[in-house]
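Colleague: sequence first, predicted coordinates after that:
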Amino acid sequence: MLLIDPDTVEATNLNRLVGATPGDVGAAKVNVAARQVKAISSDVEVVALQGDVANDEVARALLETDFIFGCTDSMASRAVLNQLAYQFLIPCIDMGVGIHVVDGDVRFIAGRVQMLSPGLACLVCTDKLDFEQVRREMMTEAQRKADPYIQGEAVPQPAVISLNSTVSSAAVTMFLAAVAGVPSAARMLTYDGKLGTMRAVGMDPRAGCVACAEEGGLGRGDRWLLPTRRGS
Ligand SMILES: [Zn+2]
């Protein structure tokens, strides 16, 4: 297993970070996750890589893998994983949960689990990428400071472990269906936390899509640049 994450454990994360204890505050999250995996089975080979998958050298570490779980909370890293999945033919299951709060009122709790693999619609086809946000997140610190359209700091988004684990469990079932014959046909699921429903969604790839079509990035490998951040 190759585990990738840029963050360190904060005291406020402890209620939703499986395996982390107060003694881990300040430690890399990937090291906590690696320790947890090793505690379950010492036979598993685990590599912990602390870094942002939107950075080129970090993204390229994924080229050694056979399957990717995308559990990121940034648009830039989603865009990279989406492209990588189709360009290098490494299937990926992208997942996420959003809790939308307006004036203290929870407007919606929306989760999504989506397999990214040839023949299946990608995140561009399903309109899940906000390219303006991708552009902003891809900026270096200096570029961000100079950009007139970026004001203030990012507002922390609420996260709840029960919602995260609902979506991640659905992703693991989807993985088992794809690789181990578990009879479950869905390759894209949406979860509505307020209604308490999960449903399978069918969406066709768009003809000529820049990421997932043959005219686009499909199978191009190293003949195309990944949409990653280079330099600092
Ligand atoms: Zn597409």
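Modeller: Okay, I see it.
Colleague: may I see the buried residues of the longest helix seen in the chain?
Modeller: Ranked by number of residues, the top helix in the chain under DSSP state H is helix 161-180. Of the residues in helix 161-180, those scored as buried under the neighbour-count criterion (16 or more other CB atoms under 10 Å) are 163-164, 166-168, 170-171, 174-175, 177-178. (Each C-beta comes from the backbone N, C-alpha and C, glycine too.)
Colleague: who does that helix touch, helix- and strand-wise?
Modeller: Contact partners of helix 161-180 among helices and strands, from 3 or more CB pairs under 8 Å, 6 or more residues apart in numbering; DSSP states H and E: strand 68-70, strand 92-102, strand 105-116, strand 188-192.
Colleague: again, 7 Å this time
Modeller: Contacting helix 161-180 under the criterion 3 or more CB pairs under 7 Å, 6 or more residues apart in numbering; DSSP states H and E are the following elements: strand 92-102, strand 105-116, strand 188-192.
Colleague: gap between the worst-scoring helix or strand of the chain on mean pLDDT and the chain center?
Modeller: Comparing helices and strands within the chain by mean pLDDT, DSSP states H and E singles out helix 141-146 as the least confident, with a mean of 75. Using CA atoms, centre = their mean, to the nearest Å, the distance from the centre of helix 141-146 to the centre of the chain it belongs to is 24 Å.
Colleague: do the same with stretch 194-209
Modeller: The chain centroid and the centroid of stretch 194-209 are separated by 17 Å, computed with CA atoms, centre = their mean.
Colleague: straight-line length of that stretch, end to end?
Modeller: Terminal residues of stretch 194-209 lie 33 Å apart, using CA to CA, to the nearest Å.
Colleague: and what of stretch 184-191?
Modeller: The separation between the terminal residues of stretch 184-191, taken as CA to CA, is 16 Å.
Colleague: ok, stretch 115-128 next?
Modeller: Looking at stretch 115-128, the gap from its leading to its trailing residue is 13 Å under the measure CA to CA.
Colleague: make residue 1 into 19 and carry on from there
Modeller: OK, 19 is where the count begins now, so the last one is stretch 133-146.
Colleague: how about the residues of this protein near the ion?
Modeller: Listed as neighbours of the ion in the chain under the rule CB under 5 Å from the ion: 140, 142-143, 227, 229-230.
Colleague: any chance of those residues in TSV, with secondary structure, neighbour count and pLDDT too?
Modeller: Written out in TSV, the entries for those read as follows (DSSP: H, G, I helix; E, B strand; the rest coil; neighbours: other CB atoms under 10 Å; pLDDT from 0 to 100):
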residue	secondary structure	neighbour count	pLDDT
140	coil	30	98
142	coil	22	96
143	coil	21	97
227	coil	18	97
229	coil	24	96
230	coil	26	97
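Colleague: which two from those end up farthest apart in space?
Modeller: With CB to CB as the measure, no two of the residues of the chain next to the ion lie farther apart than 143 and 229, at 7.8 Å.
Colleague: got the contact list for residue 28?
Modeller: residue 43 (CB atoms under 7 Å, 6 or more residues apart in numbering).
Colleague: what are the phi and psi values at it?
Modeller: Backbone dihedrals for residue 28, given as degrees, to the nearest 10, come out at phi -120, psi 160.
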